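Undergrad: No sequence on hand, only this structure:
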């Protein structure tokens, strides 16, 4: 999930640079420290963030985690496509301490960095190193929630939900009956076509769609399912969480998407 952080360079220190290869193209990934915080930076922006004392960020990672509040039944398993440094996994573990979390990440080096600098080992996540599309097609497991935070190594590559005609059906087959799928996209101001295309493809398979917007950044989350809370119900659910979690997620806004249009 890419976010653009405003950081004064004289307060930050870069101490790792890695090259990711994809279809013979190379992308430079930077590991940057600012105080106690760590972030992984690609040309598009920051895709993973960690601070030992600050769980939430105000950006799209929070919206992806908050999408789980739309579920009407108890959640026992989450699949995260695009694990990165584990930003979303850390938030999910705070909300749901005892559930099963499976993470899929295409880049082995990113996972090594996550264990070394992002404290991933503390989250009890089952990690799989492969493309998210490959994992979803190979696994026979089903999940209560699938969070799609895949941003392909090539800058500005379209996500599978936008390009693969059977993606929504594939996702549906890997969800439990009352499960939810949340996909992270550029918002309408950044790229209106992404949101419009995703809604068109998802509403053909899922009867209910919601949008979850963070306070900061250029992304939004489209959530799809068969049985989901209304935005008002999700807000009530949020207010009943612990004070630190409510304080961290209260900036997130929920909306209903009209699938009849």
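TA: Right, received. Where do you want to start? Only a predicted model underlies this, so the values are computations on that prediction, with no experimental measurement involved.
Undergrad: Give me the phi and psi for residue 148.
TA: phi -100, psi 100 (degrees, to the nearest 10).
Undergrad: Leaving out chain neighbours, which residue sits closest to it?
TA: Excluding its sequence neighbours, the residue lying closest to residue 148 (Cβ to Cβ, 6 or more residues apart in numbering) is residue 183, at 4.1 Å. In short, each C-beta sits where N, CA and C put it, glycine included.
Undergrad: Tell me the pLDDT of residue 187.
TA: At residue 187, the model reports a pLDDT of 92.
Undergrad: Who's the closest spatial neighbour of it, skipping the chain neighbours?
TA: residue 220 (4.1 Å).
Undergrad: name the helices or strands packed onto the host helix or strand of that neighbour?
TA: For residue 220, the element it lies in under DSSP states H and E is strand 219-225. Strand 219-225 is packed against helix 60-66, strand 175-186, helix 188-203, strand 208-213, with contacts defined by 3 or more Cβ pairs under 8 Å, 6 or more residues apart in numbering; DSSP states H and E.
Undergrad: got the contact list for stretch 127-142?
TA: Stretch 127-142 is contacted by residues 77, 79, 81-83, 102-108, 111, 120, 148, 150, 160, 164, 170-171, 173-176, 179 when judged by Cβ atoms under 8 Å, 6 or more residues apart in numbering.
Undergrad: In contact with the residue most central in space within the chain: list those residues for me.
TA: Ranked by distance to the mean C-alpha position of the chain (Cα atoms, centre = their mean), the top residue is residue 149 at 3.8 Å. By Cβ under 8 Å, 6+ apart, residue 149 lies in contact with 1, 61, 64, 80, 81, 82, 83, 84, 88, 184.
Undergrad: Reformat these as TSV; add distance to residue 70, neighbour count and pLDDT.
TA: Listed next are the contacts of residue 149 as TSV, based on distance: Cβ to Cβ, whole Å; neighbours: other Cβ atoms under 10 Å; pLDDT from 0 to 100:
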residue	distance to residue 70	neighbour count	pLDDT
1	18	28	52
61	16	30	97
64	12	29	98
80	17	27	98
81	18	26	98
82	20	25	96
83	22	31	97
84	23	28	94
88	15	28	98
184	15	26	96
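Undergrad: Inside helices: which ones of these?
TA: Those of these mapping onto helices are 61, 64, 88, per DSSP state H.
Undergrad: Highest mean neighbour count across the helices and strands packed on strand 219-225, which stretch is it?
TA: Mean neighbours per residue, mean count of other Cβ atoms under 10 Å, is largest over those for helix 60-66, with a mean of 29.
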